[in-house]
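Colleague: Just to be clear, the model below is a prediction. Sequence and coordinates:
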Amino acid sequence: MEDHKVVSIEDRIPKLKEARRKKTNRRLVFYLSLFFVLISIVVYLQSPLSYVRGISVSGQEYISEQQIIDYSGLTEQDNIWGFRVADIENKIEQHAEIKQAKVKRVLPNSIEIAIIELDKVAYLNEGEFFYPLLENGNKLDSVRITEWQGDAPLLFGFNEEDYLIMLTEQLKELPQTVANHISEIHWTPTDANPFTLRLFMTDGFEVRTSIRGLNQSMSNYPSIVSQLDPKQKGVIDIDVGGAVFNAYTSENEQKKDQDQLTDGDE
C-alpha cells in the first residue's frame, strides 16, 4: 500500500500564508496602537496638561469677562474633564443679566464660554444719566449713559417699580420695527388713570396711550401713520379700540409741549 504524504494548504498555496501573516501583523499594530493611545490618555489626564490653562468669553456687552469667569467657578486648579458642562452653564445663567450660556471644551486645556445677555428694552432716566433697562425689569446701575444712542427708547418719570415692570413686559413684546420709532416714553399718571403714557416718536408724531395693552395698540402704529400727512404733525390717541389724530395748531406747540413735560420730569 502506497503511503500518501499530507501537504497543508499553506504549503500548497504560499499566497494564503502570506496574507495570514499580514493580517496578524495588522492586528498586532492595531492592539499596540490602541495600547499606546490608552497610555497617552492616562498620562494626559494625570499631567498638568489636562488642567484649565485658558478661559475665553464671547457675546458679552455689559458684563465683564472676569465676572463671567467668576460665576463659572472655573480656575486653573480644575481638570478640564473634571466637571459637567451643563453644571457650569447653569452657574453662569444664575447671573441676573444673562439669558443663556454655552460652555465648550477646547483641547488640550482651554474653555470657551459664549453667552447671550438679556435684551435691552429701554434706557431709564435718573437725573443726568440714563441706565439700560433689561427685559426682566432689572436696571444696570453699573452702566451710566449721558448721550442717547438711539437704540432703545428713553424713559422719563417712572418712579414706581410696579408700573416700570408692567411697561417692560409690554416693550419686550413690541415689534422691533415699532420700538425703533420711539424716542421717549413719559409716564403721566392721573388720579383717574395711573397707566397713561406719552410717547414721542422719531418721525415727529406724539402718541398718547396706556401701559396696558401697549404692545397691541402700538403694533398698529405703522398702519396709522401711513394714512396721515407726514408734513402735518400732531397727537395720536391710540388704544386697543382704535386711534384718533389731532394736529398741532401751531408749529411751536410740539416743541413747547415736550420741553414742559421734560422739565416736569426733572
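Modeller: Happy to help now that I have it.
Colleague: so what's the residue nearest the centre of the chain closest to, chain neighbours aside?
Modeller: Against the mean C-alpha coordinate of the chain, by C-alpha atoms, centre = their mean, the closest residue is residue 116 at 2.9 Å. With sequence-adjacent residues excluded and distances taken as C-beta to C-beta, 6 or more residues apart in numbering, residue 116 is closest to residue 100, at 4.4 Å. To be clear about C-beta, it is placed using only N, CA and C from the backbone, and glycine gets the same treatment.
Colleague: so what does whichever strand or helix holds the residue nearest to the centre of the chain touch, helix or strand wise?
Modeller: Residue 116 is part of strand 110-117 when elements are defined by DSSP states H and E. In terms of contacts (3 or more C-beta pairs under 8 Å, 6 or more residues apart in numbering; DSSP states H and E), strand 110-117 is packed against strand 54-58, helix 65-72, strand 98-106.
Colleague: Export the ones you listed as JSON lines, with columns for mean pLDDT.
Modeller: What follows is the helices and strands packed on strand 110-117, written out as JSON lines (pLDDT from 0 to 100):
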{"stretch": "strand 54-58", "mean pLDDT": "94"}
{"stretch": "helix 65-72", "mean pLDDT": "93"}
{"stretch": "strand 98-106", "mean pLDDT": "95"}
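Colleague: For residue 91, which of these is the nearest?
Modeller: Nearest to residue 91 among the helices and strands packed on strand 110-117 is helix 65-72 (5.8 Å), distances taken as C-beta to C-beta.
Colleague: what helices or strands is the closest one leaning on?
Modeller: strand 54-58, helix 85-92, strand 98-106, strand 110-117.
Colleague: Please indicate which of these has the most neighbours on average?
Modeller: strand 110-117 (a mean of 18; mean count of other C-beta atoms under 10 Å).
Colleague: what's the angle between that one and helix 85-92?
Modeller: Orientation of strand 110-117 against helix 85-92 (axes from the mean of the first three to the mean of the last three C-alpha atoms, to 10 degrees) gives an angle of 50 degrees.
Colleague: can you give me the mean pLDDT across strand 110-117?
Modeller: Taken as a whole, strand 110-117 carries a mean pLDDT of 95.
Colleague: between the helices and strands packed on helix 65-72, which one is nearest to residue 34?
Modeller: Closest among the helices and strands packed on helix 65-72, once you apply C-beta to C-beta, is strand 98-106, at 23.1 Å.
Colleague: what sits up against that closest one?
Modeller: With contacts defined as C-beta atoms under 8 Å, 6 or more residues apart in numbering, strand 98-106 is touched by 63, 68, 72, 80-81, 85, 88-89, 92-93, 111-119.
Colleague: residues of the helix or strand hosting residue 166 that come out buried?
Modeller: Residue 166 belongs to helix 161-171 when assigned by DSSP H and E. For helix 161-171, a neighbour-count test (16 or more other C-beta atoms under 10 Å) marks 163, 164, 166, 167, 168, 169, 170, 171 as buried.
Colleague: need the strands for the stretch 151-266 of the chain, in chain order.
Modeller: For the stretch 151-266 of the chain, the strands defined by DSSP state E, counting those that start in this stretch cover 154-156, 182-187, 196-201, 206-210, 234-239, 242-247.
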